[in-house]
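Colleague: here's a sequence, model it:
(one chain, ligands or ions: 2)
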Amino acid sequence: MPCLTDEQLAHFDEEGYLLLRGMLDVEKVIQPIIDEYHGVLDNLACELYQAGRIASTYDDLPFGKRLTQIVVDSGQIHAQYFDFSLPQTGIEADTPFWVGPAVFRCITNPDLLDAVESIVGPEIWSNPVQHVRLKPPECLVPKDHNGQALVSATNWHQDNGVVLPEADDSEVLTVWFPLNAATLENGCLQIMPRSHRQGLHTHCPGGPGGLWISIKSSALPESSSTHCPGGPGGLWIPELFMDMDAALPVPMQPGDVLFLTRHTIHGSLTNASDDVRWSFDLRYNPVGQPTGRDLFPGFVARSRANPESVLRDPMAWEKLWRDTRDRLAQEAHTPFNRWSADAAVCA
Ligand SMILES: O=C(O)CCC(=O)C(=O)O
Ligand SMILES: [Fe+2]
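Modeller: Ligands and ions are numbered 1, 2, ... in the order given. Got it, this is the predicted structure:
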């Protein structure tokens, strides 16, 4: 059932965002994800320890501190190990990812889909542009050979800018929420209200976060291939196009959910705390519209017209991603990028 009020929908249309406090049931939706990721971190710790790449499995530390210690100790960020998507390039038969049942149940959570339905309509496609972001304290994050942290604050961008042009007319809704409190100190999201009214801006490759550098260069140390796959690909909108005084940081608690249009300019602050900043970002669009990354698998999350098309089995979802990885490991494919550093505004 669509559940947003006319007032909330008007706010979304006018401001380009909608923040719903306490929308997700923390005990039923957020906690199972946290529990699931504890197991993922256990697996990572065991693998790295057995390979002699970390000095201890650090199982006495709480989740965020344990992950941070493992990142520091191994010199790698392991973002792909936790992510529920695949990297833009360099997919191999053993590229890790995590598409567990708690993640699937969250993506298909009826309360969340009720709100999504209010914006996207009753035929809802789960768009595969989706990520978990686990950002350790930035000062502790290993650097690439350009001196850039392998995972960092997110540059100003529009989500429409990080997908292929075939999705320019797709009504893709971004749904962002934290798993732990997202604060000014640990790098909460920041948005430009009303920025969605100007359409798609030119994005420049490079800049802080520099995934662009890692995907362009072939002669990189191993750690570079673990650049945060969920960053906006190192893409950024020059500040010239923005009124920086209008930037609105959005501290959020677990259970809060932020909806953004595909044209709402947003980024994140630096994690200057001593713990990880942990969030999910999901996307949905009406069934039948290009996702902008159609090489990756989406699915029908809700349908009134064709209820039997809805994917309800977490294992079937996992298989979609596993099959996609196996297929893409055999094929060369290019990053989902349309931008060039030669654009005049990028100089
Ligand atoms: O979480 C972040 O730092 C950035 C998230 C983002 O850009 C998104 O969800 O679209
Ligand atoms: Fe984004």
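Colleague: can you tell me the element the nearest residue to residue 258 once chain neighbours are set aside falls in?
Modeller: Nearest non-adjacent residue to residue 258, counting by C-beta to C-beta, 6 or more residues apart in numbering: residue 176, 4.6 Å away. No exception for glycine: its C-beta is placed from N, CA and C like everyone else's. Assigned by DSSP states H and E, residue 176 falls within strand 173-178.
Colleague: and the next helix or strand past the lowest-mean-pLDDT helix or strand in the chain?
Modeller: Least confident helix or strand of the chain, by mean pLDDT, DSSP states H and E, is helix 211-216 with a mean of 32. Going down the chain from helix 211-216, the next helix or strand is strand 248-250, by DSSP H and E.
Colleague: go through that next one and flag the buried ones.
Modeller: residue 250 (16 or more other C-beta atoms under 10 Å).
Colleague: need the residues that contact the strand holding residue 176.
Modeller: The contact list for strand 173-178 (C-beta atoms under 8 Å, 6 or more residues apart in numbering) reads 23-24, 112, 116, 119-120, 159, 188-189, 252-262, 264, 277-285.
Colleague: then that strand to CSV, C-alphas only?
Modeller: Extracted in CSV, the C-alpha atoms of strand 173-178 (Å, rounded to 0.1, in the frame of the first residue of the first chain):
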residue,chain,number,x,y,z
LEU,A,173,14.8,6.4,-6.7
THR,A,174,17.7,6.3,-4.3
VAL,A,175,17.0,5.0,-0.7
TRP,A,176,19.8,5.6,1.8
PHE,A,177,19.9,4.6,5.4
PRO,A,178,22.5,4.0,8.1
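Colleague: from residue 282, how far out is the residue nearest to residue 258?
Modeller: According to C-beta to C-beta, to the nearest Å, residue 176 and residue 282 sit 8 Å apart.
Colleague: these two: who's more crowded?
Modeller: A direct count of neighbours by other C-beta atoms under 10 Å for residue 176 and residue 282 places residue 176 higher, at 26 against 23.
Colleague: run through the bridge partners of that one.
Modeller: Beta-bridge partners for residue 176, by DSSP bridges, are residue 258, residue 281.
Colleague: which bits of the stretch 101-250 of the chain sit near ligand 1?
Modeller: For the stretch 101-250 of the chain, the residues in contact with ligand 1 (C-beta under 6 Å from any ligand atom) are 133, 154, 159, 174, 176, 189, 232.
Colleague: farthest pair in these?
Modeller: Using C-beta to C-beta, the pair of these lying farthest apart is 133 and 159, separated by 13.8 Å.
Colleague: where does the residue in the stretch 1-150 of the chain positioned nearest to ligand 1 sit: helix, strand or coil?
Modeller: Nearest residue of the stretch 1-150 of the chain to ligand 1: residue 133, at 4.6 Å (C-beta to the nearest ligand atom). Using DSSP: H, G, I helix; E, B strand; the rest coil, the structure places residue 133 in strand.
Colleague: ok, which stretches of the protein are helices?
Modeller: All helices of the chain, identified by DSSP state H, fall at 6-15, 31-50, 63-74, 79-82, 101-107, 110-120, 211-216, 314-328.
Colleague: between these, which one is closest to residue 347.
Modeller: So among the helices of the chain, helix 211-216 is nearest, using C-beta to C-beta, at 15.7 Å.
Colleague: am I right that residue 74 is in contact with residue 54?
Modeller: Yes. Using C-beta atoms under 8 Å as the test, residue 74 is close enough to residue 54 to be in contact (5.3 Å).
Colleague: bridging residues for the residue nearest to residue 188 when sequence neighbours are not counted?
Modeller: Nearest residue to residue 188 in three dimensions, chain neighbours excluded: residue 182, at 3.9 Å (C-beta to C-beta, 6+ apart). Counting by DSSP bridges, residue 182 is bridged to residue 252.
Colleague: which pLDDT value goes with residue 182?
Modeller: Looking at residue 182, its pLDDT stands at 98.
Colleague: contacts only, for it.
Modeller: 188, 189, 250, 251, 252, 277, 279.
Colleague: reformat those as TSV; add pLDDT.
Modeller: As requested, the contacts of residue 182 are exported to TSV (pLDDT from 0 to 100):
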residue	pLDDT
188	98
189	98
250	98
251	98
252	99
277	98
279	98
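Colleague: who wins on neighbours among those residues?
Modeller: Among the contacts of residue 182, the one with the most neighbours (other C-beta under 10 Å) is residue 277, at 30 neighbours.
Colleague: right, and that residue touches residue 186 too?
Modeller: Yes. If you go by C-beta under 8 Å, residue 277 and residue 186 touch, sitting 4.3 Å apart.
Colleague: which residues do these two both contact?
Modeller: In contact with both residue 277 and residue 186: 135, 271, using C-beta under 8 Å, 6+ apart.
Colleague: how about low-confidence regions in the stretch 51-200 of the chain?
Modeller: Along the stretch 51-200 of the chain, no part satisfies pLDDT under 70.
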